[in-house]
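[1] I need the structure of the sequence given here:
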Amino acid sequence: MSRNRQTLASDHPGDLLDARRPIVSVSHEAVQGHQFHWHRHRRAQLVLASRGVVTVKTDDGTWVVPPQQAVWVPAGVEHAVEWPGLLTLRSLYVDPSACDRMPPSCCVFTVPALLRELVLRASSLGNDYALDGAEARLMAVIPDELRRLTPEPLHLPLPQDPRLCAVTDALMADPGNDRALGDWARAAGASERTLARLFRRQTGLTFGLWRQRLRLLAAVSRLAEGQPVTTVAYDLGYGSPSAFISMFRRTLGQTPGRYLSPPN
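    Numbers count the residues shown, from 1 in each chain. Presented below is the predicted three-dimensional model:
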């Protein structure tokens with residue numbers, strides 16, 4: 001795959017290996033949509049948008065998260081970060097010595113109030129904090145709070161088979177498309193049974209569940225940008241707003257309004 005790679009400065013905090021400072025941080029403000037091209041870090045990264053919606057992409061899938069959540073990117077995983085509009089981004093970089101018991105692959109976490117405040121405080125301290133002061137003690141708490149988090153079902157796994165990629169690329173461009181798997185199979189030059197088997201093998205989901213996950217991520221992004229629930233529901237192929245809200249609550253445990261309400 002041809003990629004526009006990001007060249008990071010040699011002293012970027014994400015490449016600092018220093019167990020004495022298990023947490024370092026970077027803040028970023030953006031006034032319009034932009035991206036960080038494909039890159040990797042020697043440290044693990046927690047990507048948190050305190051304002052705006054952020055998308056993280058890897059070879060294995062896509063994660064779309066609103067401000068209440070964060071994406072965990074393990075050390076060494078190549079990834080790209082995109083955002084469609086205004087963004088206030090906070091990134092924590094976690095030394096490998098402090099990553100025990102953290103997930104070995106990317107995932108999304110809901111960030112509780114305490115951890116959110118710790119992240120915001122860490123981003124205001126700078127990375128040259130004294131090793132024997134209050135700042136170092138605060139930073140040492142963060143890995144413990146990270147280990148308490150439970151992954152959310154906001155990962156869209158991506159296939160590798162060219163026939164599946166043709167289907168998933170078309171659906172990502174138009175999540176509301178209601179074509180049945182048999183129609184997609186004929187267009188892709190494969191049998192419906194073959195595509196169904198490949199979906200399970202390469203994404204871990206059935207075709208129907210994969211499309212529902214795609215619509216859920218699209219909904220989170222659009223709702224976080226302020227689009228009305230009714231508009232989002234119909235655009236994404238649901239017969240009524242109530243059907244969409246029911247799916248959203250069944251999957252994420254809350255209605256869209258409560259799920260996307262500003263953190264306290």
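[2] pLDDT weak spots in the chain?
    Applying pLDDT under 70 to the chain picks out residues 1-10, 33, 262-264.
[3] So the residue most central in space within it: helix, strand or coil?
    The centroid of the chain falls nearest to residue 63 when counting by CA atoms, centre = their mean (2.9 Å). Recorded secondary structure, residue 63: strand (DSSP: H, G, I helix; E, B strand; the rest coil).
[4] In contact with it, which residues?
    Listed by CB atoms under 8 Å, 6 or more residues apart in numbering, the contact set of residue 63 reads 55-57, 71, 106-108, 154-156, 217. Just so you know, the C-beta spots here come from the backbone N, C-alpha and C atoms, and that holds for glycine as well.
[5] Summarise which helices and strands whichever helix or strand residue 170 is part of is packed against.
    Per DSSP states H and E, residue 170 falls inside helix 162-173. On a contact count with 3 or more CB pairs under 8 Å, 6 or more residues apart in numbering; DSSP states H and E, helix 162-173 meets helix 181-188, helix 192-203, helix 207-224.
[6] re the thing from before, mind listing which of the contacts of residue 63 are in helices?
    Judged by DSSP state H, the contacts of residue 63 include residue 217 as members of helices.
[7] I'd like the contacts of residue 63 written out as JSON lines, with neighbour count added.
    Output for the contacts of residue 63, formatted as JSON lines (neighbours: other CB atoms under 10 Å):
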{"residue": "55", "neighbour count": "19"}
{"residue": "56", "neighbour count": "24"}
{"residue": "57", "neighbour count": "19"}
{"residue": "71", "neighbour count": "25"}
{"residue": "106", "neighbour count": "22"}
{"residue": "107", "neighbour count": "20"}
{"residue": "108", "neighbour count": "22"}
{"residue": "154", "neighbour count": "22"}
{"residue": "155", "neighbour count": "23"}
{"residue": "156", "neighbour count": "20"}
{"residue": "217", "neighbour count": "23"}
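[8] between the contacts of residue 63, which is nearest residue 31?
    Among these, residue 55 lies closest to residue 31 (CB to CB), at 17.6 Å.
[9] give me the number of residues near the closest residue to residue 203 other than its chain neighbours?
    Closest residue to residue 203 in three dimensions, ignoring its sequence neighbours and counting by CB to CB, 6 or more residues apart in numbering: residue 157, at 4.2 Å. Look at residue 157: counted by other CB atoms under 10 Å, it has 15 neighbours.
[10] can you confirm residue 91 is in a strand?
    Yes - assessed with three-state DSSP, residue 91 lies in a strand.
[11] coming back round to it: check contacts around the residue nearest to residue 203.
    60-61, 202-205, 210.
[12] Just the buried ones among the residues you listed, please.
    60-61, 202-203, 205, 210 (16 or more other CB atoms under 10 Å).
[13] Can you redo the residues you listed as CSV, where the extra columns are distance to residue 13?
    Below are the buried ones among the contacts of residue 157 laid out as CSV (distance: CB to CB, whole Å):
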residue, distance to residue 13
60, 25
61, 26
202, 35
203, 34
205, 36
210, 36
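[14] any idea which of those is closest to residue 101?
    residue 60 (20.8 Å).
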